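Peer 1: When you get a sec, could you give me coordinates for this:
(chains A and B)
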Amino acid sequence: MSVLLDEAQLQIADEAQRLVSAHYSGERLKGYLLERGAFDRELWERFGAQGWTAICYPEAFGGLDLGLLELGLVAEACGGAVTGVAALTSSFAMGQSLLYFGSEEQKADWLPQLAAGSVIGVVAFAEGQDMLPRAPRLRLEAGRLSGSKPAVVAGGIADGAVVLALGADGPVLALVDLSQRGVSRTLLDTFDNSRCTADLVFDDVEAHELPGSIDALAAARAILRLQAVIIGFEQVGGAQKMLTTARDYALTRRAFGQPIGAFQSVKHRIAEDYVLVELARANAIHAASRSGESDFGLYAAAARISATEAYDGVSRDAVQVHGGIGVTWEADLHLHQRRARTLAVEAGPLIFWEDEVITELQGAAQ
Amino acid sequence: MTDLTAYRSAARAWIEGKIAEFGREARRGLTPAEDLALGRRYLAAKYEAGYSGISWPRENGGQGLSPTEKLAFDREEILHGFPTEYFSISLGMPVPIMLRYLPDGWKQERAIAALRGDEIWCQLFSEPAAGSDLAALRTRAVQDPDNGDWILNGQKLWTSWAHLADYGVIVARSDPNVAKHRGLTYFWVDMKAPGVTVRPVTLAAGDAHVNEVYFDDVRIPDAQRLGPVGGGFGVAMETLIIERYSATDPAANGPSIARALADATRMTRDGRPLIEDGRVRERIARNFATQAALASIHRRALLSLEAGTQPGSEGAIHKLVSVRNRQRLSEFMIDIEGVSGVRWNEQATRKDDWATSWLTAPTGRIAGGADEMLLNTIAERILGLPQDHRPDKGVPFNEIPG
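Peer 2: Sure thing, here's the model as predicted:
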């Protein structure tokens, strides 16, 4: 059943919108674009103080024991302000990996810190074009990790990781402390440097299997789905912001004697964008409400598809509506253009999630 | 169990008991007359069971419940392809609007006859030169100064089920000397009255449920007027929003995603099922994502209604997106069928056949609010963008260049 937001959820959304937009500065965000490895640490600390890093953990680990929807609402606010804090969703993914599949000791070691935001976590599953490689090149042998993971989001700033590696009997999920000797990271130049994306290289580094992840590919897939829904909300937030920006500009910019928003070529474009945003929002909310159900994978995939279509589409159109000013460094639109593509790729490209939809539909049809 | 849940399960049980007699399969192969007769029998059964006029007041033959119960029933009913289409406009707009404006007595007799499927009302709005721009209509209503009767002359077009209708509601121009919206008046008419001629218009797919209707000196008493002289446009708008929200099908009454998946699994290319082709997977997956979103929007709108708030843009989004989605998927499914994709089955319905769905889809993007009008509605009402430039604004109707 889809949900209407209740009072508490509306309050979280309002609070997140307020804090994040008060913190927004296009200039500062552009600074992160120019400098590899820099991110908005001040805002990240506020996330921790606000309890947002603790949303999806049980109270026993210092969490707030709330759901995907609550964290999604925070992510939506972050998306609107293109915040330079990739750690919200990367830490979430690592924490959920441990929560679902980790040992009691692994949970005790990491979850309270992840919930407090005092450490940053990442997951590293993908290799090459495979989101979930069946035979990862990264190897785990006798508790030692060797090899590399490419383009890990927040990899440049993370303290710990859950990686998909090839063990003695097939793929495994393993926990690794990134502060160890033998871990090296190469920050990548990307079109959104605020993500602190880095290649991680492991040279005979201690790592521990997550005992609950007997079927590591299924476990990694479950984590990707959770992360996809949260990132879906972030995309919705970005798309909504671009929609509002395009609408506001179309009301004030005049040409040929009237606001450009009076021309159907412009107003219909913006109306179509509104529809994209509403579809994506509906799918994100629905997916969040299906967490734990057998059709969660199907709706998480649908949410990702709609969210990517919306953020890419609306940010593209918003630039077009602005005309020349829209393509300048000065205007903040390229921040969203960059983030839209970044989020689209990071959490699995469209072709991955399209396959997920088909596989889940086939499963449901049998 | 809440009252609504109980209501819904009782409704479902009743509906499921009617599938064998009235469902999609039962209708297959019937002549139009037999199908209409089946529809009338279904409505009578529905009336006896207390599922007619669910949200209408009891004094008008209804059940006195809220739109929530009506939607709960409709959502179940829509699944089975019952023969309700002949009556959906009649009960959706003309009958409720006449119930608001006419005095007690006769109107209740008509309402009950309509609910039982014995009588059908049609809605005579569109004309050859007035579609999206309804207020541009030209059918004239001239009042006879001697007795106050009105004489109707003109032509209506796209009138659904007019050939079956006993009565209709009509908007006509009573004063061409004022701005176009101000010179209209609203009436009900007897479709069997002298001077009324109904001619079917066959649509592109071969179906003939719409008509052109001619009025030649049709005389109606002033008592058949609904609302004030010159107030017809307002009554027309009121008619169109009576049903604030209705049950919807994310597949826009076309074949389902499950059907697309099954077909793409059955069909092969180079010996491999088409569903293994990335292009096929992409189309079906994206179409599914959009339908899932529409279903979610719909469920949230229902919850909003239950919580007592009015739905906003949900109806416009649904109509705009679902039919286009159906059109594209149907086109694609014909495509992947290959050379056999051109086959045409006269008996098929848009719900069970891609070609029929495809050929009838354009109607869905025009009737009841064209895509362009829906985009205007979203842009203007929701996003606050300016209204289109309208050169005829405020100009007396008879001075607008033709």
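Peer 1: make it CA atoms for all contacts and neighbour counts henceforth
Peer 2: Fine.
Peer 1: quick one: contacts for whichever residue of the stretch 101-250 of chain A sits closest to chain B?
Peer 2: Closest to chain B within the stretch 101-250 of chain A is A:Arg247: 7.1 Å, counting by Cα to the nearest Cα. Counting by Cα atoms under 8 Å, 6 or more residues apart in numbering or on different chains, A:Arg247 makes contact with A:261, A:270, B:383, B:385.
Peer 1: where does the residue in the stretch 51-200 of chain A that chain B sits nearest to land in three-state SS?
Peer 2: Taking Cα to the nearest Cα, chain B has its nearest neighbour within the stretch 51-200 of chain A at A:Leu69, 14.7 Å off. Three-state call for A:Leu69 (DSSP: H, G, I helix; E, B strand; the rest coil): helix.
Peer 1: which residues does it contact?
Peer 2: A:Leu69 neighbours (Cα under 8 Å, 6+ apart): A:285, A:288-289.
Peer 1: Output those residues as CSV; include the columns secondary structure.
Peer 2: Below are these laid out as CSV (three-state DSSP):
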residue, secondary structure
A:Ile285, helix
A:Ala288, helix
A:Ser289, helix
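Peer 1: of the residues you listed, closest to chain B?
Peer 2: A:Ile285 (8.3 Å).
Peer 1: Now the spatially most distant residue from the centre of chain A: phi and psi?
Peer 2: Relative to the centre of chain A, and counting by Cα atoms, centre = their mean, the farthest-placed residue is A:Gly257 at 43.0 Å. With angles defined as degrees, to the nearest 10, A:Gly257 sits at phi 80, psi 10.
Peer 1: Relative to B:His389, how far out is it?
Peer 2: From A:Gly257 across to B:His389, the span is 11 Å (Cα to Cα, to the nearest Å).
Peer 1: Please tell me how far the residue in the stretch 101-250 of chain B positioned nearest to chain A sits from B:Asp277.
Peer 2: For the stretch 101-250 of chain B and chain A, the shortest gap (Cα to the nearest Cα) falls at B:Pro250, measuring 12.0 Å. Relative to B:Asp277, B:Pro250 is positioned 25 Å away (Cα to Cα).
Peer 1: more crowded one of those two?
Peer 2: Higher neighbour count among B:Pro250 and B:Asp277: B:Pro250, with 26 against 13, using other Cα atoms under 10 Å in any protein chain shown.
Peer 1: wait, what's in contact with the more buried one?
Peer 2: Residues near B:Pro250 by Cα under 8 Å, 6+ apart: B:291-292, B:294-295, B:318, B:322.
Peer 1: Between the two ends of stretch B:160-179, how far is it?
Peer 2: End-to-end for stretch B:160-179, by Cα to Cα: 28 Å.
Peer 1: Name the residues of that stretch that are buried.
Peer 2: B:160-176, B:178-179 (16 or more other Cα atoms under 10 Å in any protein chain shown).
Peer 1: in terms of contact count, name the helices or strands touching the longest helix seen in chain B.
Peer 2: For chain B, the helix that runs over the most residues, judged by DSSP state H, is helix B:278-306. Helix B:278-306 makes packing contacts with helix A:264-289, helix A:296-322, helix A:350-365, helix B:67-77, helix B:257-266, helix B:314-337 when contacts are defined by 3 or more Cα pairs under 8 Å, 6 or more residues apart in numbering or on different chains; DSSP states H and E.
Peer 1: rewinding a little: state the distance from the residue of the stretch 51-200 of chain A closest to chain B to A:Glu354.
Peer 2: Taking Cα to Cα, one finds A:Leu69 at 23 Å from A:Glu354.
Peer 1: Next: B:Ala129.
Peer 2: For B:Ala129 relative to A:Glu354 (Cα to Cα), the value is 45 Å.
Peer 1: the more surrounded of the two?
Peer 2: Per other Cα under 10 Å, whichever of B:Ala129 and A:Glu354 has more neighbours is A:Glu354, with 25 against 15.
Peer 1: So that one sits against B:Ala285, correct?
Peer 2: Yes - using Cα atoms under 8 Å, A:Glu354 makes contact with B:Ala285 at a distance of 5.2 Å.
Peer 1: Leaving out the residues flanking it, which one is nearest to the residue nearest the centre of chain B?
Peer 2: Closest to where the C-alpha atoms of chain B average out (Cα atoms, centre = their mean) is B:Ile89, at 5.6 Å. Excluding the flanking residues, the one nearest B:Ile89 by Cα to Cα, 6 or more residues apart in numbering or on different chains is B:Cys122, at 6.8 Å.
Peer 1: any idea of the angle the strand or helix carrying the residue of the stretch 101-250 of chain A closest to chain B forms with helix A:296-322?
Peer 2: Counting by DSSP states H and E, the element that carries A:Arg247 is helix A:216-252. With axes from the mean of the first three to the mean of the last three Cα atoms, to 10 degrees as the basis, helix A:216-252 and helix A:296-322 are set at 30 degrees to each other.
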